[in-house]
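Colleague: Sequence and predicted model, in that order:
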Amino acid sequence: DSGVTQTPKHLITATGQRVTLRCSPRSGDLSVYWYQQSLDQGLQFLIQYYNGEERAKGNILERFSAQQFPDLHSELNLSSLELGDSALYFCASSVDRVLSPLHFGNGTRLTVT
Amino acid sequence: SQQGEEDPQALSIQEGENATMNCSYKTSINNLQWYRQNSGRGLVHLILIRSNEREKHSGRLRVTLDTSKKSSSLLITASRAADTASYFCATDTSGSRLTFGEGTQLTVNP
């Protein structure tokens, strides 16, 4: 058990809808990362937060947004969903900077129909 | 495109054999990490090697890093069926993100 909790585990929704994915980092970790894993694109970095502040941004679409709250949990909001957004979304946490190993949750599997 | 590229894409071996996976990357790195992913699960960190290190061991795992060739290898000795998983290398280039390769699917047959 990595100590990182992601909810929900599965999500099925229709195109055009909006969903929120939730992540609780491992106790003591200040950094939260979001990754998207799909069959054709592999594991893509979306965004990183450190202690509530956005620290790095990857290939995150404008339809997607995230935040990290004072209690360090994070949410990833996906809106105007398209079929191509179907993927596994992982949250990971680390103690500090990325030199530290990442601890991954078991992901949220999003299916857009 | 991915920073790291694993080779081979898939590897099938018998229990007890050694498994070697390679990773090549394009730009200078601060460190390189290897992760394992069982089907449909989250990635699990295996080992981290810094850019000034050449070799690192952890149990049955041995990782080498050649920064002149921009490559790394992961060796799993005396493999077991439970080692069946996808293995990813990940590079830290900017100090703010890890970039993952596309992975090697390892199958260990009992």
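Modeller: Cool, the structure landed.

Colleague: Off-centre distance for stretch A:74-81?
Modeller: Stretch A:74-81 sits 9 Å away from the centroid of its parent chain (C-alpha atoms, centre = their mean, to the nearest Å).

Colleague: Which positions in chain A make contact with chain B?
Modeller: A:2, A:4, A:33, A:35, A:42-43, A:45, A:48, A:55-56, A:58, A:88, A:90, A:92, A:97-99, A:101-107, A:109 (C-beta under 8 Å from any C-beta of the partner chain). All C-beta spots, glycine's among them, are computed from the backbone N, C-alpha and C.

Colleague: Make sure A:Ser93 is indeed in a helix.
Modeller: No - applying DSSP: H, G, I helix; E, B strand; the rest coil, one finds A:Ser93 to be strand, outside a helix.

Colleague: for the helix or strand of chain B with the lowest mean pLDDT, which positions count as buried?
Modeller: One helix or strand of chain B scores below all others by mean pLDDT, DSSP states H and E: strand B:4-7, with a mean of 80. The neighbour-count criterion (16 or more other C-beta atoms under 10 Å in any protein chain shown) identifies B:Gly4, B:Glu5, B:Glu6 as the buried residues of strand B:4-7.

Colleague: number of nearby residues for A:Tyr35?
Modeller: 26 (other C-beta atoms under 10 Å in any protein chain shown).

Colleague: ok, it to B:Gln9 distance?
Modeller: To B:Gln9, A:Tyr35 is 20 Å away according to C-beta to C-beta, to the nearest Å.

Colleague: Can I get stretch A:80-98 as CSV, trimmed to CA atoms?
Modeller: What follows is stretch A:80-98, C-alpha atoms only, in CSV (Å, rounded to 0.1, in the frame of the first residue of the first chain):
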residue,chain,number,x,y,z
SER,A,80,-16.4,19.1,-21.6
LEU,A,81,-15.3,15.5,-21.7
GLU,A,82,-14.4,13.8,-25.0
LEU,A,83,-14.1,10.2,-25.9
GLY,A,84,-10.3,10.6,-26.0
ASP,A,85,-10.2,11.6,-22.4
SER,A,86,-10.9,8.0,-21.4
ALA,A,87,-7.8,6.9,-19.5
LEU,A,88,-6.4,5.9,-16.2
TYR,A,89,-5.6,9.0,-14.1
PHE,A,90,-3.0,8.6,-11.5
CYS,A,91,-2.1,10.8,-8.6
ALA,A,92,1.3,10.5,-7.0
SER,A,93,3.0,12.2,-4.1
SER,A,94,6.5,12.8,-2.9
VAL,A,95,8.1,14.3,0.2
ASP,A,96,9.5,17.2,-1.6
ARG,A,97,11.0,17.8,-5.0
VAL,A,98,10.9,15.2,-7.8
